[in-house]
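> Coordinates only, no sequence provided:
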């Protein structure tokens, strides 16, 4: 695993995030319509031809490598392809996390038709995907240390309807290189969690010196 | 939560899966290119215009509801929008599961740039998403009973590189309405699991009679 230092300035990174992030938002829209549409075969063929043309344009300069994690000399870091927070990844909602004064990490977001499991509800595995990421970032203590997930335990309490959801996580215990995080996800308009989670995160021995020197974070 | 019986014949369902499934495959391609591309702003604008035109066509007849789970009088069931197995959902790889003679459920699939977490590796939460689904289907005993996830525990042993992966699950214990499933995921070319999982699945009391009468399955 590697993190790579980039010569891009923070302004250049932010401009690229807007440019390709807006494209990813268009892909999220067409992704949802592909699930919901009832148009006939001729119209599906027309839509496919347009999407394929778009792919051809984007493929004109597209190295095969995954996006990875990069940082610059300002301490700005970015992981555009991340499955949860990647602004260029149409699988990612994308989640935006915020830290409050008590170091509680939270996020509120809309989960639409592409996140379905049980009819009308968020897939149980999507809740675990989102919580795993939030908990890893929580354990990273505002990206001041690099951590890996040890174990993750999820308790499914109630079905979680598709729509606006809220999740929260906090460090509940620390013991040397072992960090325990508690978290939950539920409807944004309710205080009753649908899924409760507990995770053990570990600062790898090899990462202790890395964490001392760079803006790093969760390896999720 | 509801399952709804559909008047569609199995042949009609399969034709629709091909039609819209091929479109979803095109969306997966453009999704990956949106992460990888380095084309300039003019070309991004051209690609966005094409994708937006495709969305307009698909939106001409697109009810807002999620896809849900449907079945017909042949016992065929489909969940096109499912985040793991939905053939019309560009978030789903989609996973295809197979059952062997010993009721071991497995799947081999490619996880590309859109499933990234740590640089070059599968997001830990993606492993939990895929395992949660496979384990739920495993607990459903070839869709002969309806189950819900109770708890899920994941142990992260090794990083899982992006690429071809294999996962397996089996029922390790049954006790009345409680079913324990064991599973793991790892590189397709290795016997060493990257993530090990154990899950407790429950047949809800209200579902015991449903399970006796229909082709149902996991509520994931």
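That came through fine. Nothing here was measured: the structure is a model prediction, and the numbers come from that model.

> pull the longest strand from chain A.
strand A:163-175 (DSSP state E).

> Please, where are all the helices along chain A?
A:10-36, A:41-59, A:124-139, A:208-213 (DSSP state H).

> Quickly note the distance from the closest residue in space to residue A:74 that isn't next to it in sequence to chain B.
Distance criterion Cβ to Cβ, 6 or more residues apart in numbering or on different chains; nearest residue to residue A:74, sequence neighbours excluded, is residue A:10 at 4.9 Å. Every residue, glycine included, has its C-beta placed from N, CA and C. In this view, residue A:10 and chain B are 19 Å apart by Cβ to the nearest Cβ, to the nearest Å.

> need the contact list for residue A:10.
Taking Cβ atoms under 8 Å, 6 or more residues apart in numbering or on different chains as the criterion, residue A:10 is in contact with A:72, A:74, A:76.

> Turn the residues you listed into a markdown table, columns for pLDDT.
Output for the contacts of residue A:10, formatted as a markdown table (pLDDT from 0 to 100):
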| residue | pLDDT |
| --- | --- |
| A:72 | 92 |
| A:74 | 91 |
| A:76 | 90 |
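
> Quick check on those residues: which are buried?
With burial judged by 16 or more other Cβ atoms under 10 Å in any protein chain shown, the buried subset of the contacts of residue A:10 is A:72, A:76.

> Next, count neighbours for the nearest residue to residue A:28 once chain neighbours are set aside.
Closest residue to residue A:28 apart from its sequence neighbours, by Cβ to Cβ, 6+ apart: residue A:90 at 5.0 Å. Residues near residue A:90, counting by other Cβ atoms under 10 Å in any protein chain shown, number 28.

> Then residue A:129?
29.

> before we move on, what about residue A:98?
Neighbours of residue A:98 under the rule other Cβ under 10 Å: 9.

> So for chain A, the centremost residue is which one?
By Cα atoms, centre = their mean, chain A has its centre lying nearest to residue A:84, at 1.6 Å.

> Please list all residues in contact with it.
A:92, A:93, A:94, A:95, A:129, A:130, A:133, A:220, B:117, B:123, B:125 are the contacts of residue A:84 under Cβ under 8 Å, 6+ apart.

> and if we set it to 7 Å?
A:92, A:95, A:129, A:130, A:133, B:123, B:125 (Cβ atoms under 7 Å, 6 or more residues apart in numbering or on different chains).

> ok, now how distant is the closest residue to it other than its chain neighbours from residue A:149?
Among residues not flanking residue A:84 along the chain, residue A:133 sits closest, at 3.9 Å (Cβ to Cβ, 6+ apart). According to Cβ to Cβ, to the nearest Å, residue A:133 stands 10 Å off from residue A:149.

> Next: residue A:60.
In terms of Cβ to Cβ, residue A:60 sits 37 Å off from residue A:149.

> Specify which residue of the two has the higher count of neighbours.
Per other Cβ under 10 Å, whichever of residue A:60 and residue A:149 has more neighbours is residue A:149, with 28 against 13.

> thought that one was touching residue B:156?
Yes: the pair residue A:149 / residue B:156 is scored as a contact, 4.5 Å apart, by Cβ atoms under 7 Å.

> Between the two, which contacts overlap?
Residues touching both residue A:149 and residue B:156 (Cβ under 7 Å, 6+ apart) are residue B:124.
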